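Undergrad: Okay, sequence plus prediction incoming.
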Amino acid sequence: MQLVYHEDKLDFDALVKMAKDDPQQFERYRQQQIEHAIINASPEMQPRLRAQQSHIDRVIESCNNPHQVNVKLYAELQKQLRKLNTALGELRGEQPETPTYSATVVQFGRH
């Protein structure tokens, strides 16, 4: 397999081809890139990144197909972004928003 870098950017098409043609090689490449990113992070961040990656790997393992992986990881990302937004709001002294729910209660007749 050829190197999948072009001008310091990943070649998406080459990665797609690798994932289809040789999923095991793609997984090795993915793990290698993850490890590289974690090792290059600050020592203080490395344990958190490893924990986050472990969580991501468990989510991936629980899925039945690539589409489900995307949906679940997107939901996880949204959850993390909401937490970040809440934390940033607290730093600015904002009150956390409490979700409001409304519903129409419908009476069902008895038989």
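TA: In hand now; what should we look at? Residues are numbered from 1 along each chain as shown.
Undergrad: Neighbours of residue 109, how many?
TA: 4 (other C-beta atoms under 10 Å). From N, CA and C alone the C-beta is placed, and that goes for glycine too.
Undergrad: Next one, pLDDT for it please.
TA: Per-residue confidence (pLDDT) for residue 109: 81.
Undergrad: again, but for residue 10
TA: Looking at residue 10, its pLDDT is 72.
Undergrad: Then residue 5?
TA: The predicted structure scores residue 5 at 53 on the pLDDT scale.
Undergrad: now residue 25: how far from residue 17?
TA: With distances defined as C-beta to C-beta, to the nearest Å, the gap from residue 25 to residue 17 amounts to 11 Å.
Undergrad: Please identify the buried residues of whichever helix in the chain runs longest?
TA: Longest helix of the chain, by residue count under DSSP state H: helix 66-91. Along helix 66-91, the positions that meet the burial threshold by neighbour count (16 or more other C-beta atoms under 10 Å) are residue 69.
Undergrad: Many thanks, I have nothing further to ask.
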